[in-house]
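Asks: Fold the following and give me the result.
(one chain, ligands or ions: 1)
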Amino acid sequence: MPQYTDSLRGYALRTHRRDGWKCVYCGLDGRESFSSWLSLSEEHLLPKGHPLRDDPRFIVTACAFCNVADNQYFSKAQGRGIGLEDKTPEELIALRKPYVTETRDSYRTFWERHVRGEKGMRS
Ligand SMILES: [Zn+2]
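Replies: Numbering: from 1, shown residues only. Model prediction:
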């Protein structure tokens, strides 16, 4: 296989394969469709400056939406009473998941009300 320098075909490939091509938050499966695969990304479970931030165990597969769904997560963590120290990757995912899910659910409600079923102007 040729060497790619981009995320999907290059440096994130090992992460995505390890995680079964699924977003750790919503379960989107990159094998289901080309579009799904295109939306996969890598997510850091620890903030900038943390000594383990770039440790591969603390970098996981997330879809584009879940990756940014709670993008102030690290700065809000302390106020929410969430400690990021001495946690396993699985524990860090479990701590963050409710916030990602809450944002996702509010987007779903919006989608159901304003997007789904809308007649496109160009169709
Ligand atoms: Zn997701």
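Asks: Give me the buried stretch members for the worst-scoring helix or strand of the chain on mean pLDDT, please.
Replies: The helix or strand of the chain with the poorest confidence is helix 73-77; it has a mean of 88 (mean pLDDT, DSSP states H and E). Using 16 or more other Cβ atoms under 10 Å as the burial criterion, the residues of helix 73-77 that qualify are Tyr73, Phe74, Ala77. Using the backbone N, CA and C atoms, a C-beta is placed for each residue, glycine as well.
Asks: How about stretch 99-115?
Replies: Buried, per 16+ other Cβ under 10 Å, within stretch 99-115: Tyr99, Val100, Thr103, Arg104.
Asks: got those residues as JSON lines, with secondary structure, pLDDT and distance to the ion columns?
Replies: As requested, these are exported to JSON lines (DSSP: H, G, I helix; E, B strand; the rest coil; pLDDT from 0 to 100; distance: Cβ to the ion, whole Å):
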{"residue": "Tyr99", "secondary structure": "helix", "pLDDT": "94", "distance to the ion": "13"}
{"residue": "Val100", "secondary structure": "helix", "pLDDT": "95", "distance to the ion": "7"}
{"residue": "Thr103", "secondary structure": "helix", "pLDDT": "95", "distance to the ion": "11"}
{"residue": "Arg104", "secondary structure": "helix", "pLDDT": "96", "distance to the ion": "7"}
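Asks: tell me which of those is nearest to Leu8?
Replies: The shortest approach to Leu8 among the buried residues of stretch 99-115 belongs to Val100, at 20.9 Å (Cβ to Cβ).
Asks: which residues sit in contact with the closest one?
Replies: Under the criterion of Cβ atoms under 8 Å, 6 or more residues apart in numbering, the neighbours of Val100 are Tyr25, Cys26, Cys66, Ala69, Asp70.
Asks: Please identify the helix or strand for Tyr4.
Replies: Under the criterion of DSSP states H and E, Tyr4 resides outside all helices and strands.
Asks: Give me the pLDDT for the residue nearest to it when sequence neighbours are not counted.
Replies: Of all residues not flanking Tyr4 in the chain, Gly10 sits nearest, at 3.8 Å (Cβ to Cβ, 6 or more residues apart in numbering). Looking at Gly10, its pLDDT stands at 93.
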